[in-house]
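**Q** build the 3D model from these lines:
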Amino acid sequence: MNAEMWTRIHNITNLNATILIGNYRGFDQLALAFLNILEYRNVKVYETGSGLSFGYPIINVGRYPRQDIEMSRSADYTANSM
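**A** Okay, the predicted model is just below:
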């Protein structure tokens with residue numbers, strides 16, 4: 001992840017905002033590992049079929065693109081607001 005991505009994650013954790021994330025291998029996995037290292041608990045993981053959660057509760061809404069649709073419906077804070 002680049003510096004901008006780390007900064008955005010830190011901005012969200014400083015707000016104690018809920019982070020909605022999929023659990024697909026790649027960026028999602030990296031972000032979940034980072035949040036776990038930070039011991040940030042305010043995370044909702046939307047299942048993509050990978051089973052990765054790093055101890056966070058999984059919301060099983062089905063496979064792609066269903067989890068993206070549900071995360072969008074649940075979100076009330078956008079990247080443009082940061």
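**Q** just want the most central residue of the protein.
**A** Residue closest to the mean C-alpha point of the chain, counted by C-alpha atoms, centre = their mean, is Ile21 at 2.4 Å.
**Q** which SS class is that residue?
**A** Of the three states, Ile21 takes strand under DSSP: H, G, I helix; E, B strand; the rest coil.
**Q** wait, it touches Ala31, no?
**A** Yes. Under the criterion of C-beta atoms under 8 Å, Ile21 lies in contact with Ala31, with a separation of 6.0 Å. The way it works is simple: take the backbone N, C-alpha and C, and place the C-beta from them, glycine included.
**Q** thinking again about what came up before, who touches the residue nearest to the centre of the chain in this structure?
**A** Neighbour list for Ile21: 28, 31-32, 43-46, 71 [criterion: C-beta atoms under 8 Å, 6 or more residues apart in numbering].
**Q** how much space separates the nearest residue to Asp28 once chain neighbours are set aside from Asn11?
**A** Ranked by C-beta to C-beta, 6 or more residues apart in numbering and with sequence neighbours excluded, the top spatial neighbour of Asp28 is Gly22, at 4.8 Å. Summarising the geometry, the distance separating Gly22 from Asn11, computed by C-beta to C-beta, to the nearest Å, is 20 Å.
**Q** one more: Lys44?
**A** Counting by C-beta to C-beta, the separation of Lys44 from Asn11 is 18 Å.
**Q** check Glu47 too.
**A** Shown here: Glu47 relative to Asn11, a distance of 26 Å by C-beta to C-beta.
**Q** these two - which one has more neighbours?
**A** Here Glu47 and Asn11 are set side by side on neighbour count (other C-beta atoms under 10 Å), and the busier one is Glu47, at 20 against 12.
**Q** which stretches of the chain form helices?
**A** Listed from the start of the chain, the chain has helices (DSSP state H) covering 3-14, 27-37, 66-74.
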